[in-house]
Structures are given as structure tokens and as C-alpha cells.
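1. how would this look folded up:
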Amino acid sequence: MELEGSCAIMCDAMGKLLFYSNGCYIANASHQVMANGDSIGKGLFETSYCNTGGNPINQGIIALPKPQSDHLYYLFYTDLGEPYEMTPYFPLAPITLYYSIIDMSLENGMGKVVEKNKIILQDTFSKGMIQAAQHANGKDWWIILPKSHTNCYWTIHLTSNGIENIFKQCNGPIWMDNDSQGQAVFSPNKKYYARFNYFYGLNLFNFNDSSGKISILNNVDFGKDTFNFNGLSFSPNSRFVYAACNTKLWQFDTQNSDFSLSRILIGTLITPFNISTKTRFNHACLAPNGKIYIGGSNAFNYLHSIDYPNCYGPACGLNQYSVKLFGTSTYTMPNFPHYKKWIENDTCKNITSISPVDEHLSSIRFYPNPVQNYLFAFGIKEGDNLDFLDPLGNLVFTVTWNDEQLNIETLAIGFYIIKVKRNHVLLGNFTLIKI
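-> All right, here's what the predicted structure looks like:
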């Protein structure tokens, strides 16, 4: 699949891949077109983009689990039209917001699109920046999509009954034509919604996760830049905001009485001589391990990481070119909402998340990793069952732990997921590299 600006991915609660999409079609976990998952790119995407690649709009699609369902999932996405042909505006903008519903209980667990290209709204929307946050009730979702050439935001309330409420709210600075770059994110604690690019600055809003309302809190002007690539992420404790700006990475402190003056330069892009394509500071993602990963612009094959994002200033640990990708990516990172509940009073290198399996995960370790011949484990009990799966989720073999070590000499070199079960209860998933 060609992934460009739009990238939505869904896994189950334990991290197993379910499906993914580039805004043109939906692929299942076997990397095939899902049943009825073709042709979701509409308008100019269908005629001019999907035949040569993917949807190029940043954050143009997002996947969400249907509230109180264990097998139904929503995809929200836009088309691309030409609503401004006779005006001084740039002619292209999305004009329709759609949803599709995926039922993962069908097609032997590979999923099927059971409702497709259903129209939610027709208006003029910003070129991307669809984002979502969980409702205060811990079940429903809020989806926010900015309207183009205004300071208005369409807000959608998704419940177990489907879309129950849609309203428009207008607040903060007006964004005009230059809205095709940048990133919109919610803080993990859902107290903030932020939208950022060079042309219109870093817009920080208060967010009410009960009502879905936003109110402008601060706006930081960054000025113009030759390369308008930008990204944004909050730290796990929601205190710090990281603004990725092409060749510079900045940190802001929401606890500072003057947010705009709290800006600290964390680092300037330094590309090693042996890396041919630069990974500029662009879109960012807070990962389940508590680190923030930052992707680049055109044709990058490394990610940068912020290893301790709860730390103030350079102690946050910017690690440039820290992760080598298996292939080359362009302009995008996956567009995720926050699922984990991070601890707000965590400070610096202490990063904690609340998860049903954390009690077990904290006590289980496999070593060495990478491993060559013999695998040892800490926290595994005699009688525990270990399922070894390949990266596609296919079962390679199952073993019952009864020794202090496991001989895996005959296991093929590669990447594996180990599912640990105790009395038929899944304790967690663990990654292993066999060398």
C-alpha cells in the first residue's frame, strides 16, 4: 500500500494488526484489500491520486472502535473537491465527510466493510487534521474536523448508537488557504486540543471532554518558513507540548503562566554523513512505550525519538535518527487518538500508564533480546503457555514453559510476538528478535 499524507491503522487491545487504510482503500491483516474495502477515496482522490498512490492530505482519515462493541470499527475520512474555482482562494478543499463501518467478526476474522461511504456532512473543510478524543464517560468519542477559511470546527459525538450529535463551534484564529500542512492533537488527559502549522501558529485550546467544546487559550506565532513542515505532540503527563518545525524542535510548558514565553529549543536537525535522505522534524506520535516518535517529509527512512518527554528542556532526550524503518515513508505518521490513560503527575523519567495487563507486564521479561539460541525469562511460571506468532499474527508454535530456558536454535531468524497465557488468561504480548 502506498501511504502518503493519510494513514489510519487499527489493532486489537493487545496490539495485533486488524486493518489499515491510506484513504483510498482498506487492507486487512493479510495485506489484501478487505472485503468491500475498495474505493473509499472520492472526488479528486478517486480521479487524480488513488490511481498512483494514496490520499495526500495530512490526517485525512482516522479509525475508531465503535463504543461498547468488540468487533465494529468506524473510519472517518473526507473527499477532495474544487469549491473555490471562482474565488481568490486556492481552489481545492474537502467538501464531504464520510464514514464506513468495518465488522471484524466477518470473513474469518479478516473483516468486511458493512457500511460504506456514508455521508455525514457536506461543507468546505480544512485539508486534513481530523482528530478524536474519548468522551468523559470513557466510552464515546469526540471527532473534530476544522472548517476551511474560518475559525470554525465541526464536532461529532459518536456513541454506541452511532453518530448522535453534530455541531459547529467557532473559536480562535482564522485559518485560510495554507492549511494543508501541520498537525492537530489532543493531550492525553483530554484537557487540551492543539492545532499547529507555521502560517497560523500553535493554537492551544482548552477542551471540555463532556461537552466537546473548545476555547482558545493561547496562540504562538512562529512566522513563515521556507519548508512548511510541522508536527505536534504532548508529553504523556500532558504538561509539555513539542512543536516539530522542519529543522528545529521546540518544547512548551502548559504549567507556565505565559505559555508562549515558555518555548525552549530542544534541538536542531543534525543528519549523519552516511544518511542520504534527511528526516526533517514533521509529524509526531506519542507511542504506547511513553516515547514520542517524529517522522519526516519526503522519502525518509528514519524516525527521531524523544525518549523522556515528561522531562523539562534538553533532559527530554531528543534522539535523532534513532529508529531505522524497513522501508521509505513520505510525509506521514499514523493518525491515532489516545487509548492509554497516562498518569498526570508523572515527572521526568517516570512514565506510567494504566492498563488491565500492566500488573503482569511489569513482572515478565524475556532475555537476551535479540536472542540466538537459548531464551530465558523472568516472571514466567511453570505451566504458562507461550504462543510464538510471526509479524502477520500467524501462529508459528506453542510451548508450555517448564524449564528455566527454552532452546530456540531451530526457530527461523526474524521478528516474533510472544503471547503469554496463564490458566487460559492472556497476560500480555512481548516482542522478540531471533538472530
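
2. For residue 360, give me the pLDDT.
-> Listed pLDDT for residue 360 reads 42.

3. make that residue 30, sorry
-> 94.

4. same thing with residue 44?
-> pLDDT recorded at residue 44 is 94.

5. give the contact list for it.
-> 79, 80, 81, 82, 92 (Cβ atoms under 8 Å, 6 or more residues apart in numbering). Glycine gets a C-beta too; all of them are placed from N, C-alpha and C.

6. Buried subset of those residues, written for PyMOL?
-> In PyMOL, a selection of the buried entries from those looks like this (16 or more other Cβ atoms under 10 Å):
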select buried, resi 79+80+81+92
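
7. Secondary structure element holding the residue nearest the centre of the chain?
-> Central residue of the chain (Cα atoms, centre = their mean): residue 336, 2.8 Å from the mean position. Assessed by DSSP states H and E, residue 336 sits outside every helix and strand.

8. Mind telling me what element the nearest residue to it once chain neighbours are set aside is part of?
-> Leaving aside its chain neighbours, residue 336 sits nearest to residue 285 (6.3 Å; criterion: Cβ to Cβ, 6 or more residues apart in numbering). Assessed by DSSP H and E, residue 285 sits inside strand 284-286.

9. returning to that earlier point: do you know how far the residue nearest to the centre of the chain is from residue 9?
-> Applying Cβ to Cβ, to the nearest Å, the value for residue 336 to residue 9 is 8 Å.

10. Under the pLDDT cut-off, which ranges of the stretch 301-435 of the chain? List them.
-> Applying pLDDT under 70 to the stretch 301-435 of the chain flags the ranges 349-363.

11. returning to that earlier point: state the paired neighbours of the strand holding residue 285 in the sheet, together with their directions.
-> Strand 284-286 has the following strand partners under DSSP bridges: strand 292-294 (antiparallel).

12. distance between the partner strand and the chain's centre?
-> Here strand 292-294 is found 10 Å from its chain centre; the criterion is Cα atoms, centre = their mean, to the nearest Å.

13. And the next helix or strand after it, what does it pack against?
-> For strand 292-294, the following helix or strand on the C-terminal side (DSSP H and E) is strand 300-306. Using 3 or more Cβ pairs under 8 Å, 6 or more residues apart in numbering; DSSP states H and E, the elements in contact with strand 300-306 are strand 292-294, strand 318-329.

14. circling back to that earlier point, need the contact partners of the strand holding residue 285.
-> Contacts for strand 284-286 (Cβ under 8 Å, 6+ apart): 183, 188, 231-236, 242, 244, 292-295, 309, 333-334, 336, 338.

15. For that strand, buried residues please.
-> 284, 285, 286.

16. May I see these arranged in TSV, with pLDDT as well?
-> Shown next, in TSV, are these (pLDDT from 0 to 100):
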residue	pLDDT
284	96
285	95
286	95
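
17. what comes into contact with stretch 306-322?
-> Taking Cβ under 8 Å, 6+ apart as the rule, stretch 306-322 contacts 233, 235-237, 239-240, 242, 249, 251, 253, 264, 266-267, 269-272, 275, 279, 286, 290-292, 294, 302-305, 346-351.

18. Out of those residues, list just those in strands.
-> 233, 240, 242, 249, 251, 253, 264, 266-267, 286, 292, 294, 302-305 (DSSP state E).

19. Whichever of the residues you listed end up buried, select them in ChimeraX.
-> Here is the ChimeraX selection string for the buried members of those, based on 16+ other Cβ under 10 Å:
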select :233,240,242,249,251,253,266,267,286,292,294,302,303,304,305
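
20. quick one: which two of the ones in strands among the contacts of stretch 306-322 are the most distant?
-> 253 and 302 (28.1 Å; Cβ to Cβ).

21. got the contact list for residue 117?
-> Counting by Cβ under 8 Å, 6+ apart, residue 117 touches 39, 40, 42, 98, 100.

22. quick one: which of these is nearest residue 395?
-> residue 100 (29.9 Å).

23. Dihedrals phi and psi, that closest one?
-> Main-chain dihedrals, residue 100, degrees, to the nearest 10: phi -130, psi 150.

24. mind checking how far it is from residue 93?
-> 21 Å.

25. Settle it for me: which of these two has more neighbours?
-> Set residue 100 next to residue 93 and count neighbours by other Cβ atoms under 10 Å: residue 93 wins out with 24 against 21.

26. quick one: the more buried one and residue 81 touch, right?
-> Yes: counting by Cβ atoms under 8 Å, residue 93 touches residue 81, with 6.7 Å between them.

27. check contacts around residue 39.
-> So residue 39 contacts 24, 25, 46, 117 (Cβ under 8 Å, 6+ apart).

28. Swap in 10 Å and give it another go.
-> 24, 25, 26, 33, 45, 46, 50, 116, 117 (Cβ atoms under 10 Å, 6 or more residues apart in numbering).

29. Next one: the third one relative to residue 145, how far apart?
-> Yep, that's residue 26 we're talking about. Separation of residue 26 from residue 145 (Cβ to Cβ): 20 Å.
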